[in-house]
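Chemist: after the sequence you'll find the predicted model.
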Amino acid sequence: MRIEYFIIFIYIILTFSIQDRVRADDILQLYGSVNPRDYLTGRFNPSKHELFGALSDLGIPTNKSRQYLRREAAEALQNMYAAFRREHPWIPFGVRSSARNFYDQKQIWEGKWSGKIPVMGKRLNRIIKDPLKRAREIMKYSSMPGVSRHHWGTDFDLEVLTNTYYESGEGRLLYQWLAKNSRRYGFCQPYTFGRKNGYCEERWHWSYYPLAKHFLKGWNSLYKKDPAAFSEKGLFPGSSAAGHLAPLYMNAISHDCE
Ligand SMILES: [Zn+2]
């Protein structure tokens, strides 16, 4: 009888240690040397991360010389770009912004909050005094620091940041091509027209979902464990008023990206 208990005991120990190792391998593959919490909230430098690559090294046109994405996403984008070029040799295709960390996002946020960066031609500090309302206005098109898919190295913005550009001419051809073909390369448009919550439509923002879907899951469990960390006072202007909206905006994405 005793020996049977012993065998069961050893079996349980082995099963759990193998599972733990599998989980550790998964974590290493997903996050590399940065701990998941810092990775998911963008508290690291993409240019120094061993799993990131520069787009210019792969021949992808960018407006800044060093734009970074996760290598898998960058290679998928390289393939997608090549396919687009074969069909449309002359239509502009450029990446304006890709991986942005917490501090990059904080700069954008603070600029819009303080009125230094006008939002649709308006200085928000002058016209919206209520912190929650001002945050919601910014969040039509920009995320709070720590809540951006751009932190993960899976998402990029095309050169032109207005939806109307993609309604006619070259912009329309580019958007239609992406809408039809991007899925084949692992990309989706998270912020489509007609969603009930979250950011407005962004025809310029595309996401590499084979990786992003794991990061979204990770981000959600991180938020669940410690929601207070996202609305800490002083984290960024308006954090204590708007931090609780983080999961709503993070998860209001198109079904294509889920
Ligand atoms: Zn974007």
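Modeler: Happy to help now that I have it.

Chemist: so who does the spatially most central residue of the chain touch?
Modeler: Nearest to the geometric centre of the chain sits residue 149, at 1.4 Å (Cα atoms, centre = their mean). Taking Cβ atoms under 8 Å, 6 or more residues apart in numbering, we find residue 149 in contact with 143, 155, 190, 207, 212, 215, 216, 250. (Each C-beta comes from the backbone N, C-alpha and C, glycine too.)

Chemist: closest one of the residues you listed to residue 228?
Modeler: residue 250 (16.3 Å; Cβ to Cβ).

Chemist: and that closest one, which helix or strand is it part of?
Modeler: Using DSSP states H and E, residue 250 maps to helix 246-251.

Chemist: can you give me the buried ones in that helix?
Modeler: Buried residues in helix 246-251, defined by neighbour count with 16 or more other Cβ atoms under 10 Å: 246, 249, 250.

Chemist: hmm, back to that, quick check: the gap between the residue nearest to the centre of the chain and the ion.
Modeler: To the ion, residue 149 is 7 Å away according to Cβ to the ion, to the nearest Å.

Chemist: model confidence for that residue, exactly?
Modeler: Looking at residue 149, its pLDDT stands at 98.

Chemist: phi, psi of it?
Modeler: With angles defined as degrees, to the nearest 10, residue 149 sits at phi -70, psi -20.

Chemist: next: residue 205.
Modeler: Backbone torsions of residue 205, given as degrees, to the nearest 10, read phi -100, psi 120.

Chemist: can you name the residues bridging to it?
Modeler: residue 157 (DSSP bridges).

Chemist: count of residues packed around it?
Modeler: The local packing of residue 205 (other Cβ atoms under 10 Å) involves 20 other residues.

Chemist: could you do residue 83 as well?
Modeler: 14.

Chemist: now tell me which helix or strand of the protein has the poorest mean pLDDT.
Modeler: Ranking every helix and strand in the chain by mean pLDDT, DSSP states H and E puts helix 2-31 at the bottom, with a mean of 74.

Chemist: list the contacts of the helix or strand that that helix is followed by.
Modeler: Per DSSP H and E, the first helix or strand lying C-terminal to helix 2-31 is helix 36-40. Outside helix 36-40, the residues that touch it by Cβ under 8 Å, 6+ apart are 27, 30, 31, 32, 43, 44, 151, 152, 215, 218, 219, 222.

Chemist: in helix 36-40, what's buried?
Modeler: 39, 40.

Chemist: tell me the mean pLDDT over it?
Modeler: Helix 36-40 carries an average pLDDT of 97.

Chemist: and what of stretch 157-168?
Modeler: 97.

Chemist: for the helix or strand hosting residue 170, give me every contacting residue.
Modeler: Following DSSP H and E, one finds residue 170 within helix 169-181. Applying Cβ under 8 Å, 6+ apart, the contact partners of helix 169-181 are 80, 83-84, 87-88, 91-93, 158, 160, 165-166, 187, 189, 203, 206.

Chemist: near the ion, which residues of this structure are found?
Modeler: When proximity is defined as Cβ under 5 Å from the ion, the chain approaches the ion at 157, 205.
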